[in-house]
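> Sequence and predicted model, in that order:
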Amino acid sequence: MSTKTSPAVEEALDRIAMMRDGRFDLGWMHANPAGWGTKPTLSHVGLTLDDINVGTYAEVPERGGAHGSMAPRGAEVPPATPALGCYDLDEKALVWADNAAELYEEAVARQWSSARDVPWDRLT
């Protein structure tokens, strides 16, 4: 019984073979020159999500990218990038909250930790 693989699997296997043979395509490194040199400024509490939200990476579009891929915000998406076709919610008003990063940072700061919050050295 023969198994037929999808074109996406075939392409992935071809890329793995290229890597194994030492033939790498590094063209993606030149795809987003506007992002090069973007650096965060540390806040008084250390590196936060707001600190790294700079440059093109801080721009939240009103609608998700037409490419429909999993590319992170601010990433350059080549025209041949296949769409996943699984994103029904792509409007900023439906999925974005301006204070989400702040809420996350607060939750991390208040997270209970057994290693830190239990006085293990004083237990009998």
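Thanks, I have it.

> Spatially, what comes nearest to Gly64 if we skip its sequence neighbours?
Using CB to CB, 6 or more residues apart in numbering and skipping the chain neighbours, the partner closest in space to Gly64 is Asp90 (3.2 Å). Any C-beta I mention is one placed from the backbone N, CA and C, and that applies to glycine too.

> what do you get for Ile52?
Pro40 (4.6 Å).

> what residues are up against that neighbour?
47, 51-52, 54 (CB atoms under 8 Å, 6 or more residues apart in numbering).

> just Thr56 next, same as before
Contacts for Thr56 (CB under 8 Å, 6+ apart) come out as 32, 34-35, 38, 74.

> try it again with 10 Å
Contacts for Thr56 (CB atoms under 10 Å, 6 or more residues apart in numbering) come out as 32, 34-35, 38, 73-76.

> Go ahead and build a ChimeraX selection from the buried members of those residues.
Selection of the buried residues among those in ChimeraX, burial being defined by 16 or more other CB atoms under 10 Å:
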select :74,75
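
> Which members of the contacts of Pro40 are positioned in helices?
Of the contacts of Pro40, the ones assigned to helices by DSSP state H are 51-52.

> Now render the contacts of Pro40 as CSV, adding neighbour count and distance to Met19.
Formatted as CSV, those follow (neighbours: other CB atoms under 10 Å; distance: CB to CB, whole Å):
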residue, neighbour count, distance to Met19
Leu47, 11, 32
Asp51, 15, 34
Ile52, 15, 29
Val54, 13, 32
